[in-house]
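# Dropping a prediction and its sequence here:
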Amino acid sequence: QVQLVESGGGLVQAGGSLRLSCAASKSIFTFYAMAWYRQAPGKQRELVAVITSTDSAAYADFVKGRFVISRDNAGSTVYLQMNSLKPEDTAVYYCNAKYSSVHMGGPFGSFGQGTQVTVSS
């Protein structure tokens, strides 16, 4: 079981930027994909962005053009660069490791503890 530790969250004004990091206890190249999810109070956890082991990335419509998912060459950290933040982006953001293609169908695999992102208007 991989350990995932998120960092980089905080309070930012609308229009600002944050970069989230996810440090994994083992090489992320061993997983089918890595993803970021978020969960706002009273809402379901939703997929934000995903990057596969072949470097293919995909984004939820509500973050396209604003967020970028990437990983370091050492293969132990995944990032989420968040630009042009909006108050509706306020949520706890979770890093996710997907072990197989089956996990691509939903919030499956391993999750970290999450990091709070708060965007003020």
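Received the coordinates, thanks. Numbering: from 1, shown residues only.
# which ones are touching the spatially most central residue of the chain?
The residue lying closest to the centre of the chain (Cα atoms, centre = their mean) is W36, at 2.1 Å. If a contact means Cβ atoms under 8 Å, 6 or more residues apart in numbering, then W36 has 20, 22, 47-50, 69, 78, 80, 93-96 as its contacts. Bear in mind the C-beta positions are built from the backbone N, C-alpha and C, glycine included.
# how far away is V50 from F108?
12 Å (Cβ to Cβ, to the nearest Å).
# shared neighbours of those two, which are they?
Contact criterion Cβ under 8 Å, 6+ apart; residues bridging V50 and F108 by contacting each: K98.
# between these two, which one's more packed in?
Each of V50 and F108 has its neighbours counted (other Cβ atoms under 10 Å); V50 has more, 21 against 15.
# wait, what's in contact with the residue nearest to the more buried one when sequence neighbours are not counted?
In space, and not counting its chain neighbours, V50 is closest to A35: 4.0 Å by Cβ to Cβ, 6 or more residues apart in numbering. By Cβ under 8 Å, 6+ apart, the contact set of A35 is 47-51, 69, 95-96, 98.
# which residues does Q13 form a beta bridge with?
As for beta bridges, Q13 partners with S120 under DSSP bridges.
# How many residues are close by it?
The tally of other residues near Q13 (other Cβ under 10 Å) stands at 10.
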